[in-house]
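> A predicted structure for the sequence below; I have some questions about it.
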Amino acid sequence: MSPELEQALMEIDSATNGMNDDQLAWHPEAKWSTGDILEHLSLAFAGTVAGLQKALEKNVPRKREPTLRERLRVVVVVEFGHMPTGTESPEVARPRGIPPRLAFNSIRENLMAMDLPLAACEKQFGSNTKLLVHPILGPMTARQWRRLHYVHTCHHMKQVRALRAQMQAAASRAVGHS
């Protein structure tokens, strides 16, 4: 597996280590649970895999020139590693409410499934070819897709760690009041 995707997997494992189903499902009102976050990432990974497989089958990457706004976004997110907050998830990657344990299991599978088609596209189309068009960042190369998924995963694993801290604080308050 590529180093970026391997690091993303390690982030997921580190942030979710030892979580049970109740912990995966816990969330503050109107916020995503860890299970929702895992499902969101799993859907994002699966969407990338599907797009890459189409490009390989048709022997044509989705190619268009990025806009200036998209180029700037790629620099901020992919090159600088900063995932802005407050951006709404594209519909295709919004959690649908699958059981948290299923999300927990599918995220690993979908992340690992990205490695082969990314490498195959890179080999077939060249490392500088824009392979797919991201709904927010526009067209990106295989290297940029790997880096995006790493940065995006790290962004959400910070949220998972924050959720765990909130959950522990809520449990401590509940024990203190009994």
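Thanks, I have the structure now. Numbering: from 1, shown residues only.

> This structure: helices as residue ranges?
Taking DSSP state H as the criterion, the chain carries its helices at 3-16, 21-25, 34-58, 68-74, 100-125, 142-176.

> got a list of what the spatially most central residue of the chain touches?
When the chain is reduced to its mean C-alpha position, the closest residue under C-alpha atoms, centre = their mean turns out to be L41, at 3.6 Å. Contacts for L41 (C-beta atoms under 8 Å, 6 or more residues apart in numbering) come out as 12, 107, 111, 152-153, 156. For the C-beta atoms, the positions are set from N, CA and C on the backbone; glycine is no exception.

> Of those, which count as buried by neighbour count?
12, 107, 111, 152-153, 156 (16 or more other C-beta atoms under 10 Å).

> Show me the shaky parts of the chain.
Applying pLDDT under 70 to the chain flags the ranges 176-178.

> can you do 90?
Scanning the chain for pLDDT under 90 picks out the ranges 62-64, 84-88, 90, 170-178.

> Out of the helices of the chain, which is closest to E91?
Among the helices of the chain, the nearest to E91 by C-beta to C-beta is helix 34-58 (10.0 Å).
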